[in-house]
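J.: structure, please.
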Amino acid sequence: MADEWFEQEHFWLNYGPIMFDTQRWAEAATVAEQICSIAGLTKGSRILDAGCGPGRISVEFALQGMNVTGVDLMKPFLDAAAESASDEGVKLDLIQCDLRNYETESPFDVAVNLYTSFGYCHKIEDDITILKRIYGAIKKDGWFIMECLSREIEARDFIEGEWFERAGKIVLTNFGVEGAWEGLRSKWILIDKETGERIEHEFVQRLYSAIELKRILLSCGFSSCEIYGDFDFSPYNQKARTMVLVCRK
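T.: From the prediction side, this is the model:
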């Protein structure tokens, strides 16, 4: 069976600098502070960053004195996270693993899955497996805080495409809807501004409505799940910036 798109290292090497732009790095400290406030964390609390990428949030948690484990499938991202942690003088426990297979014998106070790091799998059952694995990694009364694309926000803000310049590339995008708003099809074309080299990639990310994802999380065993429009507890309504789900085990 061919690898799923998110398992292909070359995709992340090419597109990571586009996705994790300066704005995403700049907001990391505030997001980490808000999550610590939501879960009432103190120095030494154990945090699982599930799908940690290049360590954008993991490093900020560590700077606030947390004991952080970052899990990601892509070794180049883990290497980048280790380098960032070293630059900041903090320690991260970094594990290369597919979240569908992740297990731990030392449960965490809180787990996070942030910034569109969900809905990649071809099968819904695999998405649910990831959530069950995260549930199993959290202590009783622990927290799971999740941010991801939502069907409502993507429908509200949908555009067919755009272009912009970032990280030395001209970026051309084209978007489409899969099924009855079951997924967002994205085609990204990158053109190097110096060499003119062109690469392109197309993938589909599954879209869940807020209430649909809440029901799935509750079915995984979480005792509660609240939905917000940002990390500041703003309502999840027509003005929501993003979809944040705050779950308690």
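
J.: going forward, measure contacts between C-alpha atoms and count neighbours the same way
T.: Fine.

J.: for the residue nearest the centre of the chain, phi and psi?
T.: Against the mean C-alpha coordinate of the chain, by CA atoms, centre = their mean, the closest residue is S117 at 2.8 Å. Here is the backbone geometry of S117 (degrees, to the nearest 10): phi -100, psi 30.

J.: residues contacting it?
T.: S117 is in contact with G51, C148, counting by CA atoms under 8 Å, 6 or more residues apart in numbering.

J.: what about it, distance to E105?
T.: 24 Å (CA to CA, to the nearest Å).

J.: how is this protein divided into domains?
T.: The chain breaks down into these domains under automatic domain parsing: 5-150+208-248, 153-204.

J.: pretty sure V112 is touching F144, no?
T.: Yes - proximity of V112 to F144 meets the contact threshold set by CA atoms under 8 Å, at 5.7 Å.

J.: buried ones in stretch 205-223?
T.: By neighbour count with 16 or more other CA atoms under 10 Å, stretch 205-223 contains the buried residues Q205, R206, L207, Y208, S209, A210, L213, K214, I216, L217, C220, F222.

J.: whoops, stretch 121-133 was the one
T.: So stretch 121-133, judged by 16+ other CA under 10 Å, has buried residues C121, D127, I128, T129, I130, L131, K132, R133.

J.: strands of the protein, residue ranges please.
T.: Ranges of strands within the chain are 46-50, 67-72, 93-96, 108-113, 138-148, 161-166, 169-178, 183-192, 198-206, 224-228, 243-248, based on DSSP state E.

J.: Q8 is nearest to which of the ones you listed?
T.: Closest to Q8 of these is strand 198-206 (CA to CA; 11.1 Å).

J.: and the closest one, what's buried?
T.: Those buried within strand 198-206 under the rule 16+ other CA under 10 Å are V204, Q205, R206.

J.: that strand pairs with which strands?
T.: Within its sheet, strand 198-206 is paired with strand 183-192 (antiparallel), according to DSSP bridges.

J.: using PDB, write down the CA coordinates of the partner strand.
T.: Taking C-alpha atoms only, strand 183-192 is exported to PDB below (Å, rounded to 0.1, in the frame of the first residue of the first chain):
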ATOM      1  CA  GLY A 183     -12.900  17.000   3.200                       C
ATOM      2  CA  LEU A 184     -10.900  20.000   1.900                       C
ATOM      3  CA  ARG A 185      -8.900  19.200  -1.200                       C
ATOM      4  CA  SER A 186      -5.800  21.400  -1.400                       C
ATOM      5  CA  LYS A 187      -3.300  21.800  -4.300                       C
ATOM      6  CA  TRP A 188      -0.100  23.700  -3.500                       C
ATOM      7  CA  ILE A 189       2.300  24.700  -6.200                       C
ATOM      8  CA  LEU A 190       5.700  26.100  -5.100                       C
ATOM      9  CA  ILE A 191       7.900  28.100  -7.500                       C
ATOM     10  CA  ASP A 192      11.400  28.900  -6.300                       C
END
